[in-house]
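**Student:** quick one: sequence and predicted model below, then my questions.
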Amino acid sequence: MKNPLDSIWGTIISGLVVTAILYYVVKSVLM
Amino acid sequence: MELVPVLARWLHFLAGIMWIGLLYYFNFVQVPALKAAAADNTAAGITRHVAPRALLYFRWSAVVTWLAGAALLGSNFVSAFTLQKGYAGIGLGAWLGTIMLFNVWALIWPNQQKILGLKPATDEEKNKARRVALLASRTNMALSIPMLFFMAGGLTHKAAFGL
């Protein structure tokens, strides 16, 4: 599998996915 | 109005814009430009004159951003970093920023020194350094997206979390 960080768009999409995951973690577990 | 938080927030924004701005410059402009420049042997101008200056402001603005952020958190520093109730949003932003600062000083800068010839390295070491520096820089670019989301929410995150 290709590393998503090898492309700009893969990096941006990875960042957005991490944002969504962390948002739900903070909202449902930590807040 | 307390002077320290006002100045700390101002400095945090100024240095943060320089840090993340240069991070985006590296990823959106310099990396593809170097690839194109390598094809027609014009990369020396970038690696000799542009990259060292950009890296100088990049790594020190990262330090100033972190220190100003710590000053801004003030007495909330421990609550934020231990993700206490009500501080989890800004705390997560602070952790992401801290990981990014670590990447700058422990991975990007030492490897860039080898790539740019500021530190002696064999061709094999330079190739490895290119890969590590690129992945660390891309990791920081990816982490900047959630970092800015959580930072921009401020200390309470009332808007983002409907509190």
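**Tutor:** In hand now; what should we look at? Numbers count the residues shown, from 1 in each chain, chains lettered A, B, ... in the order given.
**Student:** distance of residue B:99 from residue B:2?
**Tutor:** Distance, residue B:99 to residue B:2, by CB to CB, to the nearest Å: 29 Å. (Each C-beta comes from the backbone N, C-alpha and C, glycine too.)
**Student:** helix/strand/coil for residue B:20?
**Tutor:** The three-state assignment at residue B:20 reads helix, by DSSP: H, G, I helix; E, B strand; the rest coil.
**Student:** that one - how many residues pack around it?
**Tutor:** Residue B:20: 21 surrounding residues under other CB atoms under 10 Å in any protein chain shown.
**Student:** so which bits of chain B are right by chain A?
**Tutor:** B:27-28, B:83, B:85-86, B:88-89, B:92, B:134-135, B:138-139, B:141-146, B:149-150, B:157, B:160-161, B:163 (CB under 8 Å from any CB of the partner chain).
**Student:** just the buried subset of these, written out for ChimeraX, thanks.
**Tutor:** In ChimeraX, a selection of the buried entries from the residues of chain B next to chain A looks like this (16 or more other CB atoms under 10 Å in any protein chain shown):
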select /B:27,83,86,88,89,92,134,135,138,139,141,142,143,144,145,146,149,150,157,160,161
